[in-house]
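In: One predicted model, sequence on top.
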Amino acid sequence: MVKKVIQFHQPLSNEDGILLFEGFNTVELAKKFDTPLYLISEKRVRDNYNRLHNALLQNYDKIRVYYAAKANSNLSVLRSLEAEGAYLDAVSPGEIFLALKAGFSPERILFTGTSVRNDELNFIANSNVVVNIDSFSELDRLLLHIVPKTLSVRINPKIGSGHHDHCITAGPQTKFGLWEKETLKTYAKAKRAGVEKFGIQMHVGSGILNLEPIILAFDNLLSMAKKIHDKLGITFEFIDMGGGLGVPYKPEENELDLCTFSKRILSLFKRRIAEYNLGTPFFCLEPGRYLVSDASILLTSVNTVKVTPFKKFIGVDAGLNTLLRPSMYGSYHHVLVANKVTSQEKEIYDVVGPICESGDFLARDRLLPEIEEGDLLALLNAGAYGFAMSSQYNSRPRAAEVLIKNKKCLLVRKRETFDSLVFNQQMVE
Ligand code: LLP
């Protein structure tokens, strides 16, 4: 069992059968801060960023890592990545607002929207961030507010991939990105309008452990860059492969080999920019999950153990309102019993939440030690799209978040209260 914990390369260890997170006793933390509780390791976030950045720098020296804030937009997480020198990928005015608050300067923020409103374009123009256009109309409408100095376009590189249909964001079925004709029209219009510097971007999807689709799509993006360069005389300041790097959620899955990834993607990049005469643009990427997923766990207490003629259910205090991924995508999050880490696994259980829907589960058919009410479970890899996708569904206040930083436990998001449920409501007679 200890081996299984360590195998995840997360800030986890075991002391006398109790799960430690960054050296802190999770049972004590659950008592102190209550559950459901997200614990985040600041060090792991920083390490993930640096490992990736350094692996890329081995093969090319103009690298920008844009953190995709949608994965986890906690201000303290943003702050740490800002301090490491990360750039930021924002998909809403709200994410721009948070990034600026966390200290990112506008030129380090790339906004990639979809279905963007006019007033949002106005806000974006005023905040001076770099815009990555997702439709011709968006450019048209942006130009009513500003002629940006730098502009990027999200193209559809024809190939998509992802851990679930909902997470495939390129190829024929998706709303994202521009196809060739529109792409050329958009760059031509931007150039005519006076834009001086250009970028080009794609995002094939999320949760990708097999690099092949990213490499093939990136090659398509590079040949599109050549067409734009040849037809319109545009050279690119940056070329952005988007996000999508996967992480292992299951014990039998392997981590991405960063050295291979860096070599493969950057040797293709360097070969093509030389062959296509594209100069020396920045190579950019937009990891979300890769930077934060394994830096966080979700602690949840066992309220009920229920045995039916067919199944054994562990009822916990976190549900799809706290961690939506299992219910929404059938995603796997590994479960450890935080107060019985070394106990022998004995029974098969479903871990279910307090939400009145049958789809409210966190884990299905898991072999775990015998569970009693009052036990504490830890769901691993909860840092990406965990709190970020949580809600108040069933009128449940959202969970708290604690950051472990410099050997201190800091409450970085208070647990919501009943007051949070009525915030912004106005009762009429
Ligand atoms: N860039 C863009 C434009 C994106 O839309 C996304 C994610 C990323 C970067 C970061 O992707 P990542 O490196 O995290 O894979 N809720 C889903 C994931 C949806 C991702 C949406 N876009 C999940 O929980 O798996």
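Out: Cool, the structure landed. Residues are numbered from 1 along each chain as shown.
In: okay, CA-based contacts and neighbour counts for the rest of this
Out: OK.
In: what number of residues lie near residue 175?
Out: Neighbour count of residue 175, defined by other CA atoms under 10 Å: 14.
In: For it, which non-adjacent residue is spatially closest?
Out: residue 169 (7.7 Å; CA to CA, 6 or more residues apart in numbering).
In: Next, the contact list for that neighbour, please.
Out: By CA atoms under 8 Å, 6 or more residues apart in numbering, the residues touching residue 169 are 160-162, 175-176, 203-206.
In: Repeat the analysis, applying 10 Å as the threshold.
Out: Residue 169 sits next to 156-162, 175-177, 202-206, 244 when contact means CA atoms under 10 Å, 6 or more residues apart in numbering.
In: And the pLDDT for it?
Out: Model confidence at residue 169, given as pLDDT, is 93.
In: Now do it against residue 177, distance only.
Out: 8 Å (CA to CA, to the nearest Å).
In: list the residues that contact both of these two?
Out: 156-158, 202-204.
In: what does the stretch 201-350 of the chain have sitting close to the ligand?
Out: 203, 206-207, 242-245, 286-290, 325 (CA under 6 Å from any ligand atom).
In: Which of these fall in helices?
Out: Judged by DSSP state H, these include 289-290, 325 as members of helices.
In: ok, so of those, who is nearest the ligand?
Out: Taking CA to the nearest ligand atom as the measure, the ligand lies nearest residue 289 of these, at 3.8 Å.
In: Give me the distance between stretch 321-335 and the centre of its chain.
Out: 14 Å (CA atoms, centre = their mean, to the nearest Å).
In: For that stretch, the averaged confidence score.
Out: 98.
In: How about stretch 279-299?
Out: 98.
In: So which residues of the stretch 301-429 of the chain form strands?
Out: In the stretch 301-429 of the chain, the strands defined using DSSP state E, counting those that start in this stretch lie at 312-316, 335-337, 347-352, 361-368, 376-379, 400-405, 408-413.
In: next one: the stretch 101-250 of the chain
Out: Using DSSP E, counting those that start in this stretch, strands in the stretch 101-250 of the chain cover 109-112, 130-133, 150-154, 197-201, 236-240.
In: angle of the fourth one against strand 150-154?
Out: The reference is to strand 197-201. Interaxial angle of strand 197-201 relative to strand 150-154 (axes from the mean of the first three to the mean of the last three CA atoms, to 10 degrees): 20 degrees.
In: Show me this structure divided up by domain.
Out: 12-41+294-421, 42-292 (automatic domain parsing).
In: Which among these is found nearest to residue 429?
Out: Smallest distance to residue 429 across the domains of the chain (CA to CA): 18.7 Å, for domain 12-41+294-421.
In: what's the neighbour count on residue 263?
Out: If you count neighbours by other CA under 10 Å, residue 263 ends up with 16.
In: which residues sit in contact with residue 357?
Out: Per CA under 10 Å, 6+ apart, neighbours of residue 357: 319-320, 394.
In: Report the buried members of the residues you listed.
Out: Buried by 16 or more other CA atoms under 10 Å: 319-320, out of the contacts of residue 357.
In: Bridged to the one residue in the stretch 1-150 of the chain that gets nearest to the ligand, which residues?
Out: Closest contact between the stretch 1-150 of the chain and the ligand, by CA to the nearest ligand atom, is at residue 68 (5.0 Å). Listed by DSSP bridges, the beta-bridge partners for residue 68 are residue 89.
In: That one and residue 90 touch, don't they?
Out: Yes. At 6.5 Å, residue 68 and residue 90 qualify as touching, with contact defined as CA atoms under 10 Å.
In: what residues are shared contacts of the two?
Out: 110, 286.
In: Would you mind listing the buried residues in stretch 27-45?
Out: The neighbour-count check on stretch 27-45 (16+ other CA under 10 Å) flags 27, 29-30, 33-45 as buried.
In: Cross these against strands and list the overlap.
Out: Taking DSSP state E as the definition of strands, these contribute 37-41.
In: give me the number of residues near residue 216?
Out: Taking other CA under 10 Å as the neighbour definition, residue 216 ends up with a count of 17.
In: Closest to residue 364 out of the ones in helices among the residues of the stretch 201-350 of the chain next to the ligand?
Out: residue 325 (12.9 Å).
In: burial of the closest one, as a residue count?
Out: Neighbour number of residue 325 under other CA under 10 Å is 21.
In: Isn't it up against residue 379?
Out: No. Counting by CA under 10 Å, residue 325 stays clear of residue 379, with 11.6 Å between them.
In: any residues in contact with both of those two?
Out: Contact criterion CA under 10 Å, 6+ apart; residues shared by residue 325 and residue 379: 332-333, 362.
In: and these as CSV, adding distance to residue 280 and neighbour count?
Out: Listed next are the shared contacts of residue 325 and residue 379 as CSV, based on distance: CA to CA, whole Å; neighbours: other CA atoms under 10 Å:
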residue, distance to residue 280, neighbour count
332, 41, 18
333, 41, 23
362, 46, 28
